[in-house]
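# please work out how this folds:
(one chain, ligands or ions: 1)
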Amino acid sequence: MQLLKSPLNYTGNKFRILPQIQPYFPKKIDTMVDLFCGGATVGLNTECKKIIFIDNDKYVIGLLRFLAKSKFETLLTELEKLITFYELSYSAKYGYSLYKSQIRDFNFNNGLKDYNAKGYYKLRDDYNALKNKHTDIANKMLYLLMVYAFNNDMRFSHTGMFNLPVGKTDLNKNNIEKLKAYIDRLQNIDADFICADFTSTKAREIIKSADFVYMDPPYLIMNAVYNEAGKWNEQKEYELLRLMNYFLENNKKFVLSNVLEKQGRRNEPLFYWTTTMQEKIKIIDINYNYRSSSYNKKNRNAQEREVIIIPED
Ligand SMILES: C[S@@+](CC[C@H](N)C(=O)[O-])C[C@H]1O[C@@H](n2cnc3c(N)ncnc32)[C@H](O)[C@@H]1O
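Numbers count the residues shown, from 1 in each chain. Next up, the predicted model:
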């Protein structure tokens, strides 16, 4: 299977290390749960009869679900209408140089930022003014916001306002290819998108019915948007460990991704759990050499121990 990139540019996505994780997945999977799915990269690239994506971020789940049910050509036409309405650049169609030549800012590092600033902030204001952010039009606007935003990311304030500044890029060929590949794949698989906390009864019922669970929670010792404001803390980590105890007691197959150590900090609850469970689990170190060279260097300098944890056969 050719590996697909998520249409969502997701911090901490597992695309680069998929070849190291997947050999530890069961050879035959009926129902898989991609728990803490984020941009859905892992489930998207796993062969199974049914895949259930779970994340507690309603915007992420809403957007993934919306894109999955969209028809590519229709969606693209509608995105183009919005691009025209907000007078944004569209390098996939008209080329990058057309816009670059119109910018007075000579700093090449700023990309298309100046060209798109006015339209982007208007789009952002209109999106933030929407009463219901879960309609089709809201999702189309959100997709475009992400594509034109700083770092192509998605970030909301506590009051639900999209709050990233304008970025340097636009709807380019790369984004369109990712969108098309995602829609094509989702139309050929049986997938559900569930917005739920992993501790909720809803998530627990789904997890219980699956025969394989891949888990990529926020990492206790790292900073990411989804760990902000104490969203992920030691209490959540202990809940996760309880869930893995349940898996071990019930012979449920699972793979957990995590970072055990970084720059002298250690995920103590997880580390302690691994020592008490050492006969029942295996820890596999992720090899940084698989990563791109810049990432590689960054990780080595950061003395990071990224691992996957699986049940002992
Ligand atoms: C490390 S990211 C997952 C990245 C993903 N594997 C990928 O490849 O894109 C962790 C995810 O956990 C989600 N999350 C955080 N707390 C959660 C909770 N209590 N229940 C369910 N999901 C949660 C976040 O919204 C975030 O998307």
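
# for residue 134, helix, strand, or coil?
Residue 134 falls in the coil class when you classify it by DSSP: H, G, I helix; E, B strand; the rest coil.

# go on, the one 5 residues further on?
Recorded secondary structure, residue 139: helix (three-state DSSP).

# where is the longest strand in this structure?
Longest strand in the chain, counting residues (DSSP state E): strand 253-262.

# run through the neighbouring helices and strands of that strand.
strand 212-215, helix 234-249, helix 268-276, strand 304-311 (3 or more CB pairs under 8 Å, 6 or more residues apart in numbering; DSSP states H and E). Just so you know, the C-beta spots here come from the backbone N, C-alpha and C atoms, and that holds for glycine as well.

# and with 6 Å instead?
Using 3 or more CB pairs under 6 Å, 6 or more residues apart in numbering; DSSP states H and E, the elements in contact with strand 253-262 are strand 212-215, strand 304-311.

# show the contacting residues for the residue lying closest to residue 178 once chain neighbours are set aside.
Sequence neighbours aside, residue 7 is the residue nearest to residue 178 in space, at 4.6 Å (criterion: CB to CB, 6 or more residues apart in numbering). Residue 7 is in contact with 178-179, 182, counting by CB atoms under 6 Å, 6 or more residues apart in numbering.

# gap between residue 7 and the ligand?
11 Å (CB to the nearest ligand atom, to the nearest Å).

# please apply the same query to residue 218.
Distance from residue 218 to the ligand, counting by CB to the nearest ligand atom: 5 Å.

# can you tell me the centre-most residue of the chain?
residue 39 (2.5 Å; CA atoms, centre = their mean).

# Three-state assignment for it, please.
coil.

# can I assume it is in contact with residue 9?
No - using CB atoms under 6 Å, residue 39 is not in contact with residue 9; the gap is 7.4 Å.

# in contact with the closest residue to residue 86 other than its chain neighbours, which residues?
Once flanking residues are discounted, residue 86 sits nearest to residue 119: 3.9 Å by CB to CB, 6+ apart. Going by CB under 6 Å, 6+ apart, residue 119 touches 86-88.

# neighbour-wise, which of the contacts of residue 7 leads?
residue 182 (23 neighbours; other CB atoms under 10 Å).

# that residue: what secondary structure?
Of the three states, residue 182 takes helix under three-state DSSP.

# how near is the nearest residue to it once chain neighbours are set aside to residue 41?
Once flanking residues are discounted, residue 182 sits nearest to residue 7: 4.7 Å by CB to CB, 6+ apart. Noted for residue 7: a distance of 10 Å to residue 41, by CB to CB, to the nearest Å.

# near the ligand, which residues of this protein are found?
10, 12-14, 36-39, 41-42, 55-57, 60, 197-198, 216-218, 226, 231-232, 236 (CB under 6 Å from any ligand atom).
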